[in-house]
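*Asks:* Give me coordinates for this.
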Amino acid sequence: MTRVCLVAKEGVDLRTDLFSYETARKALATYDLSEPWANAVAADTVSLGSAVSLLNDLDWYLARLVDDVLVREPSVSPHEWLSRPLARQIRDGDVSHDEVVNRLKVYGVDEENRLVDPTQVLRGDAADGAYERAEYEESVVVRVSQEEFL
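*Replies:* Presented below is the predicted three-dimensional model:
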């Protein structure tokens, strides 16, 4: 299963605000939503293609309510997430899994269980999950495309 995670903009109650729009409500009706972090909503989809399609359906709402979109595809990495543009590139066959392990955006998870303080880093080795944010007990690693990196 491919997981999609929407990280809310500051001050947005994402679940409530998304469901206030009929079209978004219909697009999400078949998904069981969860809240992996206090400022995020996630849904499991059947494939990377269906995850990208769902995000395309929600694009108007994402532009208004969402600060970042994360996609976790187990065939790429069981622990690290992909940015939306990188997920699209992998789905389209424009890049391979092996090309995208070193350019990262790393979020800290604060005391309130919110994703905060995204920092871009270049990982020196290609080991999956090898980057930690020392100032936070937990971190979330997101692989990003070359175009997104700095």
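
*Asks:* E148 and V46, how far apart?
*Replies:* Distance of E148 to V46, given as CB to CB, to the nearest Å: 26 Å. Heads up, the C-betas are built off the backbone N, CA and C, glycines and all.

*Asks:* more crowded one of those two?
*Replies:* Here E148 and V46 are compared on neighbour count by other CB atoms under 10 Å; more neighbours surround E148, at 15 against 9.

*Asks:* how about the more buried one, what does it touch?
*Replies:* Listed by CB atoms under 8 Å, 6 or more residues apart in numbering, the contact set of E148 reads S83, P85, L86, R103, K105.

*Asks:* Inside helices: which ones of those residues?
*Replies:* Residues from the contacts of E148 lying in helices, with DSSP state H as the criterion: P85, L86.

*Asks:* now the contacts of E148 as CSV including pLDDT and distance to P118?
*Replies:* Compiled in CSV, the contacts of E148 are given as follows (pLDDT from 0 to 100; distance: CB to CB, whole Å):
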residue, pLDDT, distance to P118
S83, 96, 11
P85, 95, 15
L86, 94, 15
R103, 87, 13
K105, 93, 5
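
*Asks:* Just the buried ones from the contacts of E148?
*Replies:* When burial is judged by neighbour count using 16 or more other CB atoms under 10 Å, the buried members of these are S83, L86, R103, K105.

*Asks:* right, and the pair among these with maximum separation?
*Replies:* When the buried ones among the contacts of E148 are compared pair by pair using CB to CB, the farthest-apart members prove to be L86 and K105, with a separation of 10.2 Å.

*Asks:* joint contacts of the two?
*Replies:* Contacts common to L86 and K105, judged by CB under 8 Å, 6+ apart, are V144, E148.

*Asks:* so where do the helices sit in this structure?
*Replies:* Using DSSP H, the helices of the chain run over residues 14-19, 22-28, 48-57, 59-65, 84-91.

*Asks:* Can I get those in JSON lines including distance to E35?
*Replies:* Output for those, formatted as JSON lines (distance: least, CB to CB, whole Å):
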{"stretch": "helix 14-19", "distance to E35": "7"}
{"stretch": "helix 22-28", "distance to E35": "14"}
{"stretch": "helix 48-57", "distance to E35": "17"}
{"stretch": "helix 59-65", "distance to E35": "15"}
{"stretch": "helix 84-91", "distance to E35": "19"}
